[in-house]
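S.K.: All I have is the shape, not the residue letters:
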């Protein structure tokens, strides 16, 4: 295999791998919801949206395959999408770490809030969280799903920014 075709040496392949990892994370979230019957809370839904945005940036970067300044733009967009995911997941982890009874009770379901309120109001209410966001109903290696989302977004964000800024397409070498 030529050295330029390795995922770790080719920005387009790396970005495609990032998009596929985001798709796999979203696929698992859907499996957890429909296969394992774990209902997502509003913060879970926002984490899905930010992971989808991160995956979309990776996919566009892979398809576009830009050079120099364009890769800096994609690195910045990957960083922003990753930070958004980290922020929402971090908030969720914080809410889950609060003692029982200290989290306010649930508001209306997300669908109802979106129907009758402005998006900015809904986002503010969701980020202040309701009681259902404090429930930990899934763990792997002792960590909750939002904690894993936080780690996933951190690792993928750092790698996405780093590789898009550092890698040169094989034809430029």
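M.R.: Nice, I can see it. The structure presented is a predicted model; accordingly, all values stated were derived computationally and were not measured.
S.K.: which parts of stretch 14-34 are buried?
M.R.: For stretch 14-34, the neighbour count (16 or more other CB atoms under 10 Å) marks 14-19, 21-22, 25-26, 29, 32 as buried. C-beta coordinates here come from the backbone N, C-alpha and C atoms, glycine included.
S.K.: For it, give me every contacting residue.
M.R.: By CB atoms under 8 Å, 6 or more residues apart in numbering, the residues outside stretch 14-34 that reach it are 7-8, 38-40, 44, 48, 51-52, 54-56, 58-59, 61-62, 74, 78, 138, 145, 149, 152, 156, 159-160, 163-164, 167.
S.K.: could you flag which of those are buried?
M.R.: Neighbour-count burial (16+ other CB under 10 Å) applied to the contacts of stretch 14-34 gives 38, 40, 44, 48, 51-52, 54-55, 58-59, 61-62, 74, 78, 145, 149, 152, 156, 159-160, 163-164, 167.
S.K.: State the mean pLDDT of the lengthiest helix in the chain.
M.R.: Ranked by number of residues, the top helix in the chain under DSSP state H is helix 68-97. Taken as a whole, helix 68-97 has a mean pLDDT of 90.
S.K.: residues in contact with the residue most central in space within the chain?
M.R.: With distances taken as CA atoms, centre = their mean, residue 51 lies nearest the centre of the chain, 2.8 Å away. Applying CB under 8 Å, 6+ apart to residue 51 gives the contacts 22, 25-26, 29, 85, 149, 152-153.
S.K.: For it, pull up the helix or strand it's in.
M.R.: helix 42-64 (DSSP states H and E).
S.K.: what does residue 37 give?
M.R.: Going by DSSP H and E, residue 37 is not in any helix or strand.
S.K.: Can you give me the pLDDT of it?
M.R.: Looking at residue 37, the pLDDT reads 87.
S.K.: Could you measure from it over to residue 28?
M.R.: 14 Å (CB to CB, to the nearest Å).
S.K.: do residue 68 as well
M.R.: Relative to residue 28, and taking CB to CB, residue 68 is found at 35 Å.
S.K.: cool, residue 62 as well?
M.R.: 21 Å.
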